[in-house]
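Novice: Sequence first, predicted model second:
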Amino acid sequence: MTLLRSQALAAPDTDVDAGLGEALRRTSGPGVEAVAVRRAPNPYASVSESEVVSVELATRERVTIFVKHLGGEQRDHPDKRLREREARVYEALLGDPSLPVPRFLSCARDEATGNLDLFLEHVDGWNLKYQGLARWRASARHLARLHRALSDPSERLLDRDFLLRLDHEYLLAWAGRAVASVSSLSAEPAARLRRTVDRMGAAVELLAGQPPTLVHNDLAPKNVIAGTGAGAARTWIVDWEMAGVGCGLIDLAHLMHGLPPREARRMLEIYGRELAGSGLLPSGEEGERLLAACRLHCTLYRLAHADEWGLPLDQVAEWVAESEALNREAAR
C-alpha cells in the first residue's frame, strides 16, 4: 500500500456507507454529517486497489481517509491467501496510537463484491526509498519500539489464528521454494543452494527459538512512510498483509537489505539500544548469529522469487553464495 500526498479528487457525492460512516465517527465524533464526498483512486497501488476519500462535513471540517479494498489478488502467494489478515491485524493488535502505524478507523464488507474494505488514517509522506539516512535510522528506532510493545512472553499471539507462524515449518517451506525456483533457472547454483538448505538446521533452530513478537514480515523500504509537513517527525509502517508472529529481527534484516554495511550496522545499533532489557535481541556472538540467520531467511525469500522476477543468473549466483556464507555464520 503506497500512500498518497495531495492529488485532484473526483466530483463530489454524498455517499457514506457503513465503513466510511464508522471511520468518520472515529475521526470527528458521533453525529457528524457529510455534505460532500470525493473519491480518488490511488495510482500508486501495487496489489490491492485503494483510494483516498476526502469528506467535507457540515461543520466545514475536511477529513481525509485512506481506503484499501482487500480483494482476491495474489492468492497464489503462500503468505497472502488470507486477504483479510491486514484488517484483522489493525483491528486486534495495532490500536495503540503510539505505534508507528496509520490509525485504524474501521473495516466493512463491500456488499457488491463481498470483499473487505479497510479504512485507515491518511498519512502524508514518502516512503523510505526517497528519504535520507536519518529517516532510515528513525525507522529502525520506531520498529524496535513496535516490537517491544507487541512482544508476547506469554505467547498469546500464537492464539491469533490470522497471523502467520514464523516457525520451523514456515522457514523450511520458504527454503524449499528457493531451491525449486533456482532449479528452474540453472542446475549448478540450485545444487549449491540445496546443500545450504540441507545444512541450515542450526539457523532455523535459532530463529524459531526467539521470543515471539508481531512481525511485519515484508518490511521493504516501500512499506515505511516518512512524514512531511506537520508529520515530519513520524514514520508509519504500512501493508500488514503478511504479518506473523516470530523473531522481530527478521523485519530489520528485510529493511536493511542493500544498505552499505556501515549504515546497516548503525541501524542495528539503534534497534538494539531500543530493545535493551527486553530479551528480544541477544547480545554478542549470539546476536551476530541471529542476524545472520535472519538475513539468510530474507535471502532465501528473495531466491524463492527468482524465476517469477526474472532475475539474471549472475544475481542468482551472488545470492546463492551469500546464503552459503550466512548459513556458516549462523552455525558458528
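Specialist: Here it is on my side, so go on. Just so we're clear, the structure is a prediction, and the values are computed from it rather than from any experiment. Residues are numbered from 1 along each chain as shown.

Novice: Which residue comes closest to Arg25 once chain neighbours are left out?
Specialist: In this structure, Arg25 finds its nearest non-sequential neighbour in Val32, 6.4 Å apart by Cβ to Cβ, 6 or more residues apart in numbering. From N, CA and C alone the C-beta is placed, and that goes for glycine too.

Novice: pLDDT wise, what is that neighbour at?
Specialist: We have a pLDDT of 84 for Val32.

Novice: and it, which of the three is it?
Specialist: What DSSP: H, G, I helix; E, B strand; the rest coil gives for Val32 is coil.

Novice: where in the stretch 101-250 of the chain is pLDDT low?
Specialist: 229-232 (pLDDT under 70).

Novice: Domain-wise, how is this protein divided?
Specialist: Domains of the chain are assigned by automatic domain parsing as 18-122, 126-330.

Novice: just checking, next helix/strand downstream of the helix or strand harbouring Glu22?
Specialist: For Glu22, the host element (DSSP states H and E) is helix 18-28. Downstream of helix 18-28, the first helix or strand assigned by DSSP H and E is strand 34-41.

Novice: Tell me the helices and strands packed up against that next one.
Specialist: Strand 34-41 is packed against strand 49-57, with contacts defined by 3 or more Cβ pairs under 8 Å, 6 or more residues apart in numbering; DSSP states H and E.

Novice: returning to that earlier point: give me the buried positions along the helix holding Glu22.
Specialist: Of all the residues in helix 18-28, those buried under the rule 16 or more other Cβ atoms under 10 Å are 19-20, 22-24, 26-28.

Novice: Also stretch 35-55?
Specialist: Of all the residues in stretch 35-55, those buried under the rule 16+ other Cβ under 10 Å are 37-39, 42, 45, 47-48, 50-55.

Novice: which one of the residues you listed sits closest to Leu249?
Specialist: Val47 (25.7 Å; Cβ to Cβ).

Novice: show me what contacts His147?
Specialist: By Cβ atoms under 8 Å, 6 or more residues apart in numbering, the contact set of His147 is 213-214, 248, 251, 275, 280.

Novice: Which of these sits closest to Val67?
Specialist: Distances from Val67 to those, taken by Cβ to Cβ, are shortest for Leu214, at 23.5 Å.

Novice: Next, count neighbours for the closest residue to that closest one other than its chain neighbours.
Specialist: Take Leu214 and drop its neighbours on the chain: the residue closest to it by Cβ to Cβ, 6+ apart is Leu150, 4.0 Å away. Per other Cβ atoms under 10 Å, the neighbour tally for Leu150 reads 18.

Novice: Assess the claim that Leu150 and Thr213 are in contact.
Specialist: Yes: between Leu150 and Thr213 there is a contact under Cβ atoms under 8 Å: 5.4 Å.

Novice: Need the residues touching each of these two.
Specialist: Leu157.
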